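Colleague: Provided below are the primary sequence and the corresponding predicted coordinates.
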Amino acid sequence: MLKPYRVLDLTTERGLLCGQMLGDMGADVVKVEPPGGCSARGIAPFYKDAPHPDRSLYWWAYNRNKRAITLDIERDGGRALLRRLVERADFLIESHNPGYLSQQGLGFSDLARINPALIYVSITPFGQDGPKASYADSDLIVMAAGGPLILAGDDDRPPVRLSVPQAYLHASTDAAVAALAAHHERVRSGLGQHVDLAAQQSVAMATQSNILAAALGSVEPRRTSGGVKLGPLDIPLVFPARDGFVAMVFLFGSALGVFTARLMHFICEHGFCDEATRDKDWIAYGEQLFSGVEPLSEFERVKEILRTFTRNHTKSELLDMAVERGFLITPVATIDEVVESPQFASRGYFHSVAHPELGESFRYPGPFAKFSATPIECRLRPPTIGEHNSEIYRDELGLSEREIAELSRAGII
Amino acid sequence: MPNDLPLKDVKICDFMWVMAGPASTRILADYGATVVRIEAPNRIDTARTLQPFLDSKLGPDSSGLFANCNAGKFGISLDLRNRAAHTVVHDLVRWADVVTESFSPKAMRAWGFDYESLRKVNPNLIMLSSCLMGQTGPLAKIAGFGNMAAAISGFHNLTGWPDRPPAGVFGAYTDYVAPRFTAMAILAALDHRRRTGQGQYIDQSQAECSIHFLGPAILDYTVNGRVEGRVGNSDAAFAPHGVYPAAGDDQWVAIVCRSDDEWRRLCAAMENEKLARDSRYASAAGRLEHRDAIDSSIAAWSRALDRGAIESRLQSQGVPAHQLQNSADAYADPQFAHRGHFVALDHPSLGKFTVEGPRAKLSRTPATVRRAAPALGQDNQHVLETILGYDETRISELAASGALG
């Protein structure tokens, strides 16, 4: 879909997914790395647990469908080459600290002079300016600042994050959308612009709009193990199964109460509760709990009935019931269960990607969506350091072998 | 409405409901797309029943979740069981560049609104379906919410403590991830159509797109055979890396050292010479090995101090730190304020209604939130008269048929 477009990807370990998504959709993405390679190449886990810059699985996860060149943008020769690449680029994505690229003479206004149609995308923790723009960051810091971190965890322990870093993935995907919106406008105006993403804002998406609670005068949700606490109500969304856990929506109101009623009928049929419990008003139940018409102790008893029910079944039994009867239950899958899932297999989701340099193939997450006319393919496995230097510098920019060798000797590429 | 918004010429006929779908077309509306969302008069959008609520009062228009996901759109109420409504749908499809829907598979087919049928109405149509598991496969039928897709894609099992059940992930996680993939898919398909004239159908599984957010853990299994589990807040490379108590009830601050230098600066900020001199802690490997002892030392220091003061003191020394923010903290946060993250809109019946602003700042054609989310059927007249060009007689007949609810 995006085949005509060239993307220069100058991101550090933050923001790598943005270029991969554009690459998945067909764009010609060129990863521009410093001569020693992008810092992401040093992030665990590694192939066979042996650190190696071409074998970081963190790198692999976010860099397929990209070509890679090395270029020292802190030196004149490197900057000159980058400017030549910018002349024919449609997008540039970067995730350096605010101000760094401007100091190199490679800020948005510098490059817009060379190529006024360039869309220049910056992905940073807190945005290009503002009181916290120069804050030191990491995934955990951004998740703390943006709102999701405080919402998850056991109430007797500190709030807890998802162990795979998420903050810059949220920002990267927001950035890809913004870049394409700017591109849509460029088709009319012929002009590029600067797109400034703040990961803090992107991760606020993961609060389920609860980031608005104070502004709206609403209840502030609090963390509780595998669920959420709203005022006095402790609402679990994770339940025990015989062989692990399941996620379940056990909620009330005009939309969700219907599902709860359906589940309670089934539970009653199978002898886990009496008819009086089954026949509670599941639509009005939330309001009854808030107003005190239904005592909290009764809610606790109902939750225990549900736990007894789920604990008596395996994850796959509960999933079968959900499919057959329309219950809102799915298993809490371990990573091996995810990869080996018949659902994903039936859709051919996980793609085998060949790594000729290792003589092996590995299964990667597949297309993020199925496009009927322009299916997503893995055209290129994640590149090794400088893998496409010749292709770009010699074949495209027309440098001679001698010039390339000199640049290489000088440590510029 | 300003006419220089990037997507000012993009028209979307939007059947999406609840969270993941509407959050995606909200993004496109911010960039200027005209989004007409079709809402059933006889079956409430679940998002209208979910927290947070304006002034803590339940009501069909007072859900902040609904307001946040649907700001900037027009709303028409259509009873799709009524044949007269189908004519309106076909006219909207003819008008639209893109049709979006997020029902469970088969719903659109049952109404005759599947891609093959709608393409007869609009041959260049782009249509996107988004549901939990995708349109095909043994679990295609599973309806439900993003917490269910998140659980089955591996997110929950990686959130929490090794000695406890999964503690999260919070809420309907794939509903936060999927909307961006939805929006980028639509924009790329629009570009492809502009250049080739070819529309297409896009089948989006919210689970499958979200799995890209677990890439390294997936590869650790497919490459190394390792099944990662819950590890609390610890990190494979950094220590300290955690959430520490601060003064007050349930107050927390996140602190991370990414390098030996940051560790030395943290020790200096804590005025803890003993820690700074302890050779076991001089390298990341040593700190990872002794992370529990280090965590205890930091917690002993932090618990007496104000979390904001810890954040300022450590950040002034270049050490990554931030207080854990709830919505009140976020609303008062100077950086969120600087970015214009909270936008107060005028709601026709409820007064001031705050939603989140656009996330990306575009320097030349900035996105904007143009109006509050529509009440059920609020824009029937506008959509029928101005967008579809129906005359008064036709609109009255439609209303009389019950098609508008």
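Modeller: Good, I have the coordinates. Residues are numbered from 1 along each chain as shown, chains lettered A, B, ... in the order given.
Colleague: tell me the centre residue of chain A?
Modeller: A:Leu169 (3.5 Å; C-alpha atoms, centre = their mean).
Colleague: enumerate every residue touching it.
Modeller: A:17, B:177, B:212-213 (C-beta atoms under 8 Å, 6 or more residues apart in numbering or on different chains). Quick note: C-beta positions are derived from backbone N, CA and C, even for glycine.
Colleague: those in helices, which ones?
Modeller: A:17, B:177 (DSSP state H).
Colleague: need the contact list for the residue nearest in space to the middle of chain B.
Modeller: Centroid-nearest residue in chain B, with C-alpha atoms, centre = their mean: B:Tyr176, separated by 3.1 Å. With contacts defined as C-beta under 8 Å, 6+ apart, B:Tyr176 is in contact with A:170, A:205-206, A:208, B:23, B:146.
Colleague: would you mind measuring from it to B:Met133?
Modeller: Going from B:Tyr176 to B:Met133 by C-beta to C-beta, to the nearest Å gives 17 Å.
Colleague: and B:Ala47, that's in a helix?
Modeller: Yes - assigned with DSSP: H, G, I helix; E, B strand; the rest coil, B:Ala47 falls within a helix.
Colleague: which SS state does the spatially closest residue to it that is not a sequence neighbour fall under?
Modeller: Here the nearest residue to B:Ala47 in space, its sequence neighbours aside, is B:Phe66; by C-beta to C-beta, 6 or more residues apart in numbering or on different chains that works out to 4.1 Å. When classified by three-state DSSP, B:Phe66 comes out as helix.
Colleague: and the longest helix for chain A?
Modeller: helix A:167-189.
Colleague: helix or strand right after that helix?
Modeller: strand A:193-198 (DSSP states H and E).
Colleague: and that next one with chain B, contact?
Modeller: Yes - interface with chain B: strand A:193-198 contributes A:193-198 (C-beta under 8 Å from any C-beta of the partner chain).
Colleague: near chain B, anything from whichever helix or strand comes after that strand?
Modeller: Counting by DSSP H and E, the next helix or strand C-terminal to strand A:193-198 is helix A:199-203. Yes - Helix A:199-203 reaches chain B (C-beta under 8 Å from any C-beta) through A:200-202.
Colleague: make a markdown table from the residues you listed and add neighbour count to it.
Modeller: Formatted as a markdown table, the residues of helix A:199-203 next to chain B follow (neighbours: other C-beta atoms under 10 Å in any protein chain shown):
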| residue | neighbour count |
| --- | --- |
| A:Gln200 | 34 |
| A:Gln201 | 29 |
| A:Ser202 | 26 |
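Colleague: can you pull out the strands in the stretch 201-350 of chain A?
Modeller: A:222-224, A:227-230, A:233-236, A:238-241, A:244-248, A:329-331 (DSSP state E, counting those that start in this stretch).
Colleague: got it, and chain B?
Modeller: Taking DSSP state E to define them, one finds strands in chain B at B:11-14, B:34-39, B:74-77, B:98-101, B:126-131, B:200-205, B:241-246, B:251-256, B:321-323, B:342-347, B:351-356, B:361-362.
Colleague: most tightly surrounded among those strands?
Modeller: Stretch with highest mean neighbour count among the strands of chain B: strand B:321-323 (a mean of 29; mean count of other C-beta atoms under 10 Å in any protein chain shown).
Colleague: who touches it?
Modeller: Outside strand B:321-323, the residues touching it (C-beta under 8 Å, 6+ apart) are A:135-136, A:141-142, A:144-145, B:246, B:251-256, B:307-308, B:310-311, B:314-315, B:329.
Colleague: quick one: low-confidence residue ranges for chain B.
Modeller: For chain B, applying pLDDT under 70 flags the ranges B:1-3.
Colleague: tell me the domain ranges of it?
Modeller: B:11-213+B:337-401, B:241-324 (automatic domain parsing).
Colleague: can you give me the first-to-last residue distance of the first one?
Modeller: By C-alpha to C-alpha, to the nearest Å, the extent of domain B:11-213+B:337-401 from end to end equals 27 Å.
Colleague: try the last one
Modeller: Its start and end residues considered, domain B:241-324 measures 14 Å (C-alpha to C-alpha).
Colleague: how far away is the nearest residue to B:Arg280 once chain neighbours are set aside from B:Glu262?
Modeller: Excluding the flanking residues, the one nearest B:Arg280 by C-beta to C-beta, 6+ apart is B:Gly286, at 4.8 Å. With distances taken as C-beta to C-beta, B:Gly286 is found 15 Å from B:Glu262.
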